[in-house]
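S.K.: Pasting the sequence and the predicted coordinates here, then a few questions.
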Amino acid sequence: MTQLWIQLFFYGVELFLKKGLFKKIIIDRDQKFTSAFWTNFHRFFGTKLSFSTAYHPQTDGLAERMIQTLEDIIRRFCAYGLEFKDSYGFTHDWCTLIPALELAYKTSVHSSTGQTPAMLEKG
């Protein structure tokens, strides 16, 4: 088994333990997603890979808005310095907050859908 396949296996296991198996993934045409790694990843796990059309506002706009929101949240945490103390007095780097930020984002009702992303994803 090559190093690439070992990487694919462990990355896939981690992803699918969190999200479950995907039947189809729609992504943009960025070269990152058309690389050998991603092509083999989707072939290995049997996921159908579909590319959105260029400049497709329904796809691009939603993704860009989510990224902007997450960047704003992280920027606010970083405004207080790269380290902070929690209520127990332990010091953390901002990157340790990413799981909590993900939870906050996924459980917040979005004005465009009237639902939380967690509800839309899992039902």
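M.R.: Structure received.
S.K.: I'd like to know which elements the host helix or strand of Glu14 is packed against.
M.R.: Using DSSP states H and E, the element containing Glu14 is helix 3-19. Helix 3-19 makes packing contacts with helix 36-45 when contacts are defined by 3 or more C-beta pairs under 8 Å, 6 or more residues apart in numbering; DSSP states H and E. Using the backbone N, CA and C atoms, a C-beta is placed for each residue, glycine as well.
S.K.: And the contacts of the helix it packs on?
M.R.: In this structure, residues lying in contact with helix 36-45 by C-beta atoms under 8 Å, 6 or more residues apart in numbering are 4-5, 7-9, 11-12, 16, 21-22, 25, 32, 47-49.
S.K.: Top of those residues by number of neighbours, please.
M.R.: Neighbours here mean other C-beta atoms under 10 Å. Within the contacts of helix 36-45, the largest count is held by Leu8, at 20 neighbours.
S.K.: Can you give me the pLDDT of Val109?
M.R.: Here, the pLDDT recorded for Val109 equals 91.
S.K.: what number of residues lie near the spatially closest residue to it that is not a sequence neighbour?
M.R.: In space, not counting the residues next to it along the chain, Val109 is nearest to Thr116; the distance is 5.6 Å by C-beta to C-beta, 6 or more residues apart in numbering. Residues lying near Thr116 (other C-beta under 10 Å) number 15.
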